[in-house]
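> Below is the sequence, then the predicted model.
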Amino acid sequence: MLRIFVFGICFANLVNWQKWVFPFILVRFIMASKKQAVELIALQCGECKRRNYTTSKNRRNIQEKLEFKKYCPHERKHTLHKETKIK
Ligand SMILES: [Zn+2]
């Protein structure tokens, strides 16, 4: 009788433990997948090759390389900035 009682407590603890751990694992999994999808990129000036800007992009939504017309402070004019990787 005592054995069944102890077993019952152990089983209840196990159920509780899973109840707490499972959402935690799920959250960790979602966080990890989000981290992989969004990556930091640098915008490099097409003329002087300096990296003037940093931004982020979601690889799931945007597959092609980003290009922006942005101000280059070194040349003091607007030039085409292309996406490059940050080390
Ligand atoms: Zn430049």
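The structure has been received and is ready for your questions. Numbering: from 1, shown residues only.
> got the residues of the chain near the ion?
45, 47, 48, 72, 75 (Cβ under 5 Å from the ion). Yep, even glycine has a C-beta here, placed from its N, CA and C like the rest.
> quick one: which of those residues has the most company?
The most crowded member of the residues of the chain next to the ion, judged by other Cβ atoms under 10 Å, is residue 45 (20 neighbours).
> where exactly do the helices run in this structure?
2-37 (DSSP state H).
> Name the spans of it whose pLDDT lies under the cut-off.
Applying pLDDT under 70 to the chain flags the ranges 1-11, 14, 17, 30, 33-36.
> go with 80
Along the chain, segments meeting pLDDT under 80 span 1-36, 87.
> Pipe the residues of the chain next to the ion into a markdown table and attach distance to residue 61 per row.
Putting the residues of the chain next to the ion into a markdown table (distance: Cβ to Cβ, whole Å) gives the following:
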| residue | distance to residue 61 |
| --- | --- |
| 45 | 25 |
| 47 | 29 |
| 48 | 30 |
| 72 | 27 |
| 75 | 31 |
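> nearest to residue 64, of those residues?
residue 45 (19.3 Å; Cβ to Cβ).
> distance of the closest one from residue 79?
The gap separating residue 45 from residue 79 is 5 Å, by Cβ to Cβ, to the nearest Å.
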